[in-house]
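Engineer: next comes the sequence, and after it the predicted model I'd like to discuss.
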Amino acid sequence: MSNGLYHLQPITSPSEPSGKPVYFPEIALTRTPPREPVAIADMAEFFGVTHRTLHFYEEKGLITAQRFGLMRVYGRSEVIRMALINVCREVGMSVSVIQDLFDTLSTATSQSEANLMFEEALIARRRELAANLSTVHRQLQQLNILLEPEETNPGRGPQSKGPSLDDMETRCLQLMAEGYTSMRIGRTLELKADEVASLEASIAGKLGAQNRFQAVAKAVLLGMVAN
């Protein structure tokens, strides 16, 4: 227990006859999960879902229920799986994407590898959301043009798309929006770590952002980042 969070550890799936370790990314819960075996009612209450939702995830092969008499129960491994499912659903991942993630995680040979696989899935989802934001922004701009044609606002000049960035800043911002880490940006642009940090700080400063993530969000809303 640390800072009020319960950290779930790697599991060994009972469904594996060889006892091969099944690694899942480390997920921190805000409270201690129920003791095993976990009744379906307790599982549903703990994760804030319905019984029907749990049945649905079972049908999709994401979790597996055991039988304790007439009662459906879940073990520790299913609690870990459900915690991961919940995190993925909260960021809008589809069930099919989660299934693919679970298939990928089944090949992990260490905790660090599982964490990296999950990080890559989150980066891909962030890139997808950024692209969607960019599309929505362009559509809103088009709607504004259609609803407020220029001739009805003769005194209004062209709308600014945000602060002026030099070529290197523009390239860096695009990579940031695509989910590149600072280290990867450095490799791509052939820059040192301190040069990347300075570049990102300059971009954030021009956009009036507190950090790189806020800078990307503002850039997307301003239409500065290409889809």
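Structural biologist: Right, received. Where do you want to start? Numbers count the residues shown, from 1 in each chain.
Engineer: the protein: strands as residue ranges?
Structural biologist: For the chain, the strands defined by DSSP state E occupy 6-7, 11-12, 21-22, 28-29, 38-39, 66-68, 71-74.
Engineer: lowest-confidence helix or strand of the protein?
Structural biologist: Sorting the helices and strands of the chain by mean pLDDT, DSSP states H and E puts strand 11-12 at the bottom, at a mean of 40.
Engineer: sorry, back to before: check the strands of the chain for me: which has the lowest mean pLDDT.
Structural biologist: Set side by side, the strands of the chain give their lowest mean pLDDT on strand 11-12, at a mean of 40.
Engineer: for this structure, give me the ranges with low pLDDT.
Structural biologist: Scanning the chain for pLDDT under 70 picks out 1-19, 148-161, 226-227.
Engineer: shouldn't residue 113 be in contact with residue 23?
Structural biologist: Yes. Counting by C-beta atoms under 8 Å, residue 113 does reach residue 23; the two are 6.9 Å apart. Any C-beta I mention is one placed from the backbone N, CA and C, and that applies to glycine too.
Engineer: and those two? which has more neighbours close in?
Structural biologist: residue 23 (22 against 14; other C-beta atoms under 10 Å).
Engineer: just the buried positions in the helix ranked longest in the chain, please.
Structural biologist: For the chain, the helix that runs over the most residues, judged by DSSP state H, is helix 111-147. Within helix 111-147, the residues scored as buried using 16 or more other C-beta atoms under 10 Å are 114, 117, 118, 121, 122, 125, 126, 130, 131, 133, 134, 137.
Engineer: distance of the first one from residue 104?
Structural biologist: Note on residue 114: its distance to residue 104, by C-beta to C-beta, to the nearest Å, is 9 Å.
Engineer: now swap in residue 96 and tell me
Structural biologist: From residue 96 over to residue 104 the distance is 13 Å, taken as C-beta to C-beta.
Engineer: looking at the two, which is more packed in?
Structural biologist: Per other C-beta under 10 Å, whichever of residue 96 and residue 104 has more neighbours is residue 104, with 14 against 9.
Engineer: number of residues surrounding residue 202?
Structural biologist: Look at residue 202: counted by other C-beta under 10 Å, it has 16 neighbours.
Engineer: also the one 5 residues further on?
Structural biologist: Under the neighbour criterion other C-beta under 10 Å, residue 207 is assigned a count of 20.
Engineer: over to residue 95?
Structural biologist: When neighbours are counted by other C-beta under 10 Å, residue 95 registers 14.
Engineer: before we move on, what about residue 211?
Structural biologist: 11.
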